[in-house]
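S.K.: Everything below, folded, please.
(2 chains)
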Amino acid sequence: MEILKRKEKDALVISLKGRLDAVTTPVLEKDLTALMAGGERFLVLDLGGLDYISSAGLRTILAVTKRLRAKQGKLLLASLKSVVREVFDISGFSSIIPIFESVDAAISGLG
Amino acid sequence: MSQRTKCAGKPDSLYLCAPVNALVEGIYEEKIPLQELKRHGDFGLGTFNHLDGEMVLLDGQVYQICGNGQVNRITDDSVLTPFAAVTFYHPLSHENLAKEMPYESFLDWLGALLPSPNIFYAIRIDGTFSRMRARSVPRQENYRPLAEAATGQSLFHWQDIQGTLAGFFTPSFLPSVSVPGLHLHFLSDDHGRGGHLLECVPTEVRVGVQMIYHLELSLPSSLDYLTWDFRRDIGADLHKAEK
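M.R.: A predicted model of the protein is given here:
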């Protein structure tokens, strides 16, 4: 999985490319943990390049969402492919984590 | 499609034909036919009346692993069960593990696939195991507590075996309803070996995970069940019998 980061306004946009599964999730989790420890509170995950997400990936996204909420921060998801969106819908996670059509919409959603 | 919904609008649910505490107390006779189970799922595990072997339900087919290790495919849907847990299996996602992993590490690895410990999961593990340890229990008389019955269990050990582990994860706060944590039964690919999983070492497996937010619990309408005193804490007995 490829992870790219860029700052846009108050948010850090993290673009994921490839698969988010048991193999790649620890890499992302380590990365996000370091970012949160560094003070980042508003994260936008750009999932436009993500082809697959497993339950292991959902576990990390849930944990990060909780940790950011404790810091009055937010995790937003953007640009999900339909196959990834379906996993969020079936798991019920799309009712927990805000999902936007685009990164721009997500950043606007931060208000 | 609404959230967490599949199969013609019916949400994924775990169906228990009885609470496990009845089994732990030794109520091994109920009037629940396999036909009823199959109305609620094509995947799962359980046992048969009189604790006559371990049950595996895979792809809609019921298998009985007898106390002597013999495996029977049960085609008679009037056969009765005192306890079974089933669902219609359609995994949310899959993971592949392509290296040998000790059992304790494998349990940790599986745990990391579950987003929350507070819901049910159906888990199916297909592949090759360098070691597999399983058990079954010979037919028992009714009312013999499960922990006591388990002392007469038959232990099976295999090496380099291919097959499927099928079962569920249950939240820790529901031990009177189902076996808490991971509860898996094994069936070999040749349908000749199987049992209740005690330990395994996977070498190459594919793991399917299904998140389940709904529980459908049926309470038996039998004299034994309705008149039993279930106030005893069965936690220690269940741990002894299942682990």
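S.K.: Okay, the residue nearest the centre of chain A and chain B: tell me how far apart.
M.R.: Computing the C-alpha centroid of chain A and ranking residues by CA atoms, centre = their mean puts residue A:45 first, at 3.4 Å. Going from residue A:45 to chain B by CB to the nearest CB, to the nearest Å gives 16 Å. (Glycine included, C-beta is placed from N, CA and C.)
S.K.: same check, this time on residue A:12
M.R.: Residue A:12 is 23 Å from chain B, by CB to the nearest CB.
S.K.: partners of the residue nearest to residue B:40 when sequence neighbours are not counted in the sheet?
M.R.: Spatial nearest neighbour of residue B:40, excluding adjacent residues (CB to CB, 6 or more residues apart in numbering or on different chains): residue B:15 at 3.6 Å. Counting by DSSP bridges, residue B:15 forms beta bridges with residue B:86, residue B:216.
S.K.: So residue B:15 sits against residue B:212, correct?
M.R.: No - applying CB atoms under 8 Å as the test, residue B:15 and residue B:212 come out as separate, 10.0 Å apart.
S.K.: one step back: quickly list what the residue nearest to the centre of chain A is bridged to.
M.R.: residue A:14, residue A:77.
S.K.: can I assume it is in contact with residue A:16?
M.R.: Yes - counting by CB under 8 Å, residue A:16 is a contact partner of residue A:45 at 6.4 Å.
S.K.: thinking again about what came up before, what touches both of residue B:15 and residue B:212?
M.R.: Counting by CB atoms under 8 Å, 6 or more residues apart in numbering or on different chains, the residues touching both residue B:15 and residue B:212 are residue B:87.
S.K.: and the lengthiest helix in chain A with chain B, contact?
M.R.: Longest helix in chain A by number of residues (criterion: DSSP state H): helix A:55-70. Yes - judged by CB under 8 Å from any CB of the partner chain, helix A:55-70 and chain B are in contact via A:55, A:56, A:58, A:59, A:62.
S.K.: Report all helices and strands that the host helix or strand of residue B:57 contacts.
M.R.: Residue B:57 is part of strand B:54-58, with elements assigned from DSSP states H and E. On a contact count with 3 or more CB pairs under 8 Å, 6 or more residues apart in numbering or on different chains; DSSP states H and E, strand B:54-58 meets strand B:43-47, strand B:61-65, strand B:84-87, strand B:154-170, strand B:181-188, strand B:194-212.
S.K.: In a markdown table, list these along with distance to residue B:100, mean neighbour count and mean pLDDT.
M.R.: Output for the helices and strands packed on strand B:54-58, formatted as a markdown table (distance: least, CB to CB, whole Å; neighbours: other CB atoms under 10 Å in any protein chain shown; pLDDT from 0 to 100):
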| stretch | distance to residue B:100 | mean neighbour count | mean pLDDT |
| --- | --- | --- | --- |
| strand B:43-47 | 25 | 25 | 98 |
| strand B:61-65 | 25 | 21 | 98 |
| strand B:84-87 | 29 | 26 | 98 |
| strand B:154-170 | 11 | 19 | 98 |
| strand B:181-188 | 17 | 21 | 98 |
| strand B:194-212 | 5 | 22 | 98 |
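S.K.: Just put those strands in JSON lines and tack on distance to residue B:223.
M.R.: Shown next, in JSON lines, are these (distance: least, CB to CB, whole Å):
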{"stretch": "strand B:43-47", "distance to residue B:223": "20"}
{"stretch": "strand B:61-65", "distance to residue B:223": "26"}
{"stretch": "strand B:84-87", "distance to residue B:223": "21"}
{"stretch": "strand B:154-170", "distance to residue B:223": "28"}
{"stretch": "strand B:181-188", "distance to residue B:223": "28"}
{"stretch": "strand B:194-212", "distance to residue B:223": "28"}
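S.K.: Nearest approach to residue A:96 belongs to which of those strands?
M.R.: Closest approach to residue A:96 among the helices and strands packed on strand B:54-58 is made by strand B:194-212 (12.6 Å; CB to CB).
S.K.: pLDDT below threshold where in chain B?
M.R.: Scanning chain B for pLDDT under 70 picks out the ranges B:1-10.
S.K.: Name the residues of the longest helix of chain A that come out as buried.
M.R.: For helix A:55-70, the neighbour count (16 or more other CB atoms under 10 Å in any protein chain shown) marks A:55, A:56, A:57, A:58, A:59, A:60, A:61, A:62, A:64, A:65, A:68 as buried.
S.K.: so who does residue A:14 touch?
M.R.: With CB under 8 Å, 6+ apart as the criterion, the residues that contact residue A:14 are A:3, A:4, A:5, A:31, A:32, A:35, A:43, A:44, A:45, A:46.
S.K.: Output the buried residues of helix A:55-70 in a markdown table; the columns should cover pLDDT and distance to residue B:140.
M.R.: Listed next are the buried residues of helix A:55-70 as a markdown table, based on pLDDT from 0 to 100; distance: CB to CB, whole Å:
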| residue | pLDDT | distance to residue B:140 |
| --- | --- | --- |
| A:55 | 98 | 37 |
| A:56 | 98 | 40 |
| A:57 | 98 | 44 |
| A:58 | 98 | 41 |
| A:59 | 98 | 39 |
| A:60 | 97 | 45 |
| A:61 | 97 | 46 |
| A:62 | 97 | 42 |
| A:64 | 97 | 49 |
| A:65 | 97 | 48 |
| A:68 | 97 | 53 |
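S.K.: Which of the residues you listed sits closest to residue B:66?
M.R.: residue A:55 (34.2 Å).
S.K.: No further queries at this time; thank you.
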